[in-house]
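Enquirer: build me a model:
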Amino acid sequence: MKIVLVGYMGSGKSAVGKVLAKMLNIQFIDLDAYIESELNTTIVAIFKKKGELHFRKMEHRLLKKVLEQKESLVLATGGGTPVYSGNMALIQAKTPHVFYLKMSIEGLVARLLKEKEHRPLISHIPDEELPEFIGKHLFERNPFYTQANHIIDCDNKTVETIAGEIRELLS
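Expert: Model (predicted):
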């Protein structure tokens, strides 16, 4: 069984994915970490040296490689993964277990303000402009995120609660 988590940055894909994988006793893969490991560099460095287009090509290739594995796994995608290169169609072709971890703009802002310096996409954005930036991004990405088989509202929930909801939907 392959379980894929999609959603905006800061929605909890990696945290929920780790807990869910442990609950189900299967492998967890964070796609961004997997890309960095496979390419032996950071995503920030890839963006700086070769640009986003190159990164998106590598992301697609490595997403396909992960999804073609025989083992059961929980995969946390990057926030932009479903939007590019036909990735959402690829994900849906490989598994019916796609979960969109949905959060409100306010919830995302509260989380992301705490970790802005670790998020290259938003590190340069003034705090007061973050809600508008996230809102625009969500508007663009929602048509892709909402193609997931299940939408989990994650506002004001613990990681364990969200992972438990997903486990219930799988049974």
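Enquirer: let me see the confidence value for Ala33.
Expert: On the pLDDT scale, Ala33 is placed at 95.
Enquirer: which helix or which strand is home to it?
Expert: Following DSSP states H and E, the helix or strand that holds Ala33 is helix 31-39.
Enquirer: same deal with Leu90?
Expert: In the assignment (DSSP H and E), Leu90 maps to helix 87-94.
Enquirer: so which residue of the chain lies furthest out from the middle?
Expert: Farthest-out residue of the chain from its mean C-alpha position, per CA atoms, centre = their mean: Glu128, at 24.3 Å.
Enquirer: roughly how far apart are it and Pro143?
Expert: As for Glu128, its distance to Pro143 is 28 Å (criterion: CB to CB, to the nearest Å). Using the backbone N, CA and C atoms, a C-beta is placed for each residue, glycine as well.
Enquirer: ok, the residue nearest to Ile35 when sequence neighbours are not counted - contacts?
Expert: The shortest distance from Ile35 to any residue other than its chain neighbours is 5.3 Å, reached at Leu62 (CB to CB, 6 or more residues apart in numbering). Contacts for Leu62 (CB atoms under 8 Å, 6 or more residues apart in numbering) come out as 31, 34-35, 38.
Enquirer: closest one of those to His54?
Expert: Ile35 (11.6 Å; CB to CB).
Enquirer: that older thread, of the contacts of Leu62, closest to Leu75?
Expert: Of these, the one sitting nearest to Leu75 (CB to CB) turns out to be Leu31, at 6.2 Å.
Enquirer: where do the helices sit along this protein?
Expert: With DSSP state H as the criterion, the chain has helices at 13-24, 31-39, 43-67, 87-94, 105-114, 130-145, 159-170.
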